[in-house]
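In: sequence? don't have it. structure:
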């Protein structure tokens, strides 16, 4: 496939179409800073030889529309944008579901087996689904939408190994610039399965990339009202690292990266001390987590004479309820930006 030529063209188009708050020089500088200055953004290696082997078999045997299974709502949203209306996209996890703790049901296994292609987030987000996904690798297309991100684009977990087995923060979608690369993973996979519509898949991937760049600029404009001294985002679990990097916020959390970990009294007290010292006005609950730890922060600050508010609910590991604007990736990002801006400005 001549992917590089296609992506190079789309890179120039994206730079031209980017919101006016992003200059051409600024976008190029960011590409260079992420280790992509000499590459077409969104480009990456082609699918593996193993994928070609069983992909050809699927393409020749398939009858009817392509069937895609996506693990999370965020991955399903991304896949749907690239796949278009003629491809069936099924998600395993609904709104408000915590992917860190999700276990595959018998129905999920059936959906995975029926799919022509499976897309997942990767980076250990779907920890308890890992075994089911590994079992299908080599038998059908199983692709992580984050697989093309280099180590310089990812946030390494604190205390993680420095070898090839280092672990990274999986919540990549909070950086629209990085999340858009997953669109090209989807496009290349579908192009192999359905080569007659390859040009359409790649064009939709380029459109998605441009839309996500515009979305990042829009969120940055919403958040511009928050003064520098208040650009501290405190949430229930450590899911907003990429958001902090993309929009210049210091990020603190009660729980760790995975919701499987429990916050200790020592961690809560340390965060109370931080909030009191910095006079932070608000903290945030999350749609997929219980509120008890955040309430403990509010009560701890009250005991210290600092009035701390719950600034609202943020969508972290899952999007909003079906049928709402927040049930889409752009709607989720805009809602989070507005909630943060209103509480901290």
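Out: Alright, I've got the coordinates. Just so we're clear, the structure is a prediction, and the values are computed from it rather than from any experiment.
In: got the contact list for stretch 333-345?
Out: Contacts to stretch 333-345, defined as Cβ atoms under 8 Å, 6 or more residues apart in numbering, come from residues 174, 176, 215, 218-219, 222-223, 225-227, 230-233, 243, 247, 249, 281-282, 284, 309, 311-315, 320, 325-326. Just so you know, the C-beta spots here come from the backbone N, C-alpha and C atoms, and that holds for glycine as well.
In: ok, which stretches of the stretch 201-345 of the chain are helices?
Out: 241-247, 265-278, 292-303, 329-344 (DSSP state H, counting those that start in this stretch).
In: I'd like those helices as CSV, with distance to residue 146, mean pLDDT and mean neighbour count appended.
Out: CSV is the format used below for the helices of the stretch 201-345 of the chain (distance: least, Cβ to Cβ, whole Å; pLDDT from 0 to 100; neighbours: other Cβ atoms under 10 Å):
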stretch, distance to residue 146, mean pLDDT, mean neighbour count
helix 241-247, 11, 98, 21
helix 265-278, 28, 92, 15
helix 292-303, 28, 94, 17
helix 329-344, 14, 98, 20
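In: Flag the shaky bits of the stretch 1-150 of the chain, pLDDT-wise.
Out: 1-63 (pLDDT under 70).
In: please redo it, this time with the cut-off set to 80
Out: For the stretch 1-150 of the chain, applying pLDDT under 80 flags the ranges 1-64.
In: Would you map the strands across it?
Out: 67-70, 88-91, 117-120, 141-144 (DSSP state E, counting those that start in this stretch).
In: Deepest-packed of those strands, please.
Out: strand 117-120 (a mean of 26; mean count of other Cβ atoms under 10 Å).
In: elements contacting that strand?
Out: strand 67-70, helix 73-83, helix 130-136, strand 141-144, helix 182-193 (3 or more Cβ pairs under 8 Å, 6 or more residues apart in numbering; DSSP states H and E).
In: ok now that strand, how far from the chain's centre?
Out: 15 Å (Cα atoms, centre = their mean, to the nearest Å).
In: Partner strands of that strand and their direction?
Out: Next to strand 117-120 in the sheet, as set by DSSP bridges, lie strand 67-70 (parallel), strand 141-144 (parallel).
In: In a markdown table, list those along with distance to residue 121.
Out: As requested, the strands paired with strand 117-120 are arranged in a markdown table below (distance: least, Cβ to Cβ, whole Å):
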| stretch | distance to residue 121 |
| --- | --- |
| strand 67-70 | 9 |
| strand 141-144 | 7 |
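In: Relative to residue 100, which of those strands is closest?
Out: Of all those, strand 141-144 sits nearest to residue 100, with 15.9 Å by Cβ to Cβ.
In: ok, then the element right after the closest one?
Out: Once the chain leaves strand 141-144, the next helix or strand it forms, by DSSP states H and E, is helix 176-179.
In: dump the residue contacts of the closest residue to residue 70 other than its chain neighbours.
Out: Spatially, and ignoring its direct neighbours in sequence, residue 70 is nearest to residue 76 (3.7 Å; Cβ to Cβ, 6 or more residues apart in numbering). The contact partners of residue 76, taken as Cβ under 8 Å, 6+ apart, are 70, 89-91, 119.
In: what domains does the record give for the chain?
Out: 3-212, 224-344 (automatic domain parsing).
In: on that earlier part again, output the strands of the stretch 1-150 of the chain in JSON lines, with distance to residue 193 appended to each entry.
Out: Shown next, in JSON lines, are the strands of the stretch 1-150 of the chain (distance: least, Cβ to Cβ, whole Å):
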{"stretch": "strand 67-70", "distance to residue 193": "9"}
{"stretch": "strand 88-91", "distance to residue 193": "13"}
{"stretch": "strand 117-120", "distance to residue 193": "6"}
{"stretch": "strand 141-144", "distance to residue 193": "7"}
